[in-house]
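Here's a sequence, model it:
(2 chains)
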Amino acid sequence: DAKTTQPNSMESNEEEPVHLPCNHSTISGTDYIHWYRQLPSQGPEYVIHGLTSNVNNRMASLAIAEDRKSSTLILHRATLRDAAVYYCILREGAGGTSYGKLTFGQGTILTVHP
Amino acid sequence: GAGVSQSPRYKVAKRGQDVALRCDPISGHVSLFWYQQALGQGPEFLTYFQNEAQLDKSGLPSDRFFAERPEGSVSTLKIQRTQQEDSAVYLCASSFSTSYEQYFGPGTRLTVT
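Residues are numbered from 1 along each chain as shown, chains lettered A, B, ... in the order given. Predicted coordinates for the structure are as follows:
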């Protein structure tokens, strides 16, 4: 499985933007970049995903480098409820042999200060 | 609507006991995954079902672990002769198909004493 590298932890203040980086230099052409987050004592929650173009949804934005070897998850205004572990995951495209299973790394622990 | 539910939420088992963990996926979701999450680690894949067919069980750590989904909806993960190293949170996730996002349940925290 292609590997991702994320910082162990990051801190932010409430209502400020947060940029969570992810490196994936061995990404293949058919890998999608997925982000999930896990709040304390809960199961992971889907945040956003993309292939080549930047993506926006109600939760966050995903900025993907032109060479696709890195990406950044952007939380536009962090709230206390955004404190979680954020996982950057490469997921094989449809028709692959991995059946879409997710390979989680250690993730980035995001702390949000009031 | 109803999300993925798991039961029990907490289970304490004595070493050597058998346990059964249940997952109720979102109705209509074809794909069902089980993951194991040790303390302080990210979840690790255990097994995958497409409807009632178990297509990938490469992540099951030993033959003491067994999963089924006989009617293509509810799934059960069974662990026989539990060991202390089986202590973890067991997460179930379902999705409409393999290319869609996965919805996770709250997990079952298993503690083996």
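
contacting residues around residue B:80?
B:18, B:64-66 (CB atoms under 8 Å, 6 or more residues apart in numbering or on different chains). The C-beta positions use only the backbone N, C-alpha and C, and glycine is treated the same way.

gap between the nearest residue to residue B:48 once chain neighbours are set aside and residue B:13?
Closest residue to residue B:48 apart from its sequence neighbours, by CB to CB, 6 or more residues apart in numbering or on different chains: residue B:56 at 4.2 Å. According to CB to CB, to the nearest Å, residue B:56 and residue B:13 sit 26 Å apart.

What of residue A:36?
Residue A:36 is 29 Å from residue B:13, by CB to CB.

any chance you could map the strands in chain B?
For chain B, strands defined by DSSP state E occupy the ranges B:5-7, B:10-13, B:19-24, B:31-37, B:44-50, B:53-56, B:65-68, B:75-79, B:88-95, B:103-104, B:108-112.

Format these as CSV; extra columns: mean pLDDT and mean neighbour count.
Putting the strands of chain B into CSV (pLDDT from 0 to 100; neighbours: other CB atoms under 10 Å in any protein chain shown) gives the following:
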stretch, mean pLDDT, mean neighbour count
strand B:5-7, 97, 17
strand B:10-13, 98, 15
strand B:19-24, 98, 19
strand B:31-37, 97, 24
strand B:44-50, 97, 21
strand B:53-56, 96, 14
strand B:65-68, 98, 18
strand B:75-79, 98, 20
strand B:88-95, 98, 24
strand B:103-104, 98, 22
strand B:108-112, 98, 18
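
which residues touch the residue nearest to residue B:110 when sequence neighbours are not counted?
Nearest residue to residue B:110, sequence neighbours excluded (CB to CB, 6+ apart): residue B:11, at 5.0 Å. Residues in contact with residue B:11, defined by CB under 8 Å, 6+ apart, are B:19, B:21, B:108-111.
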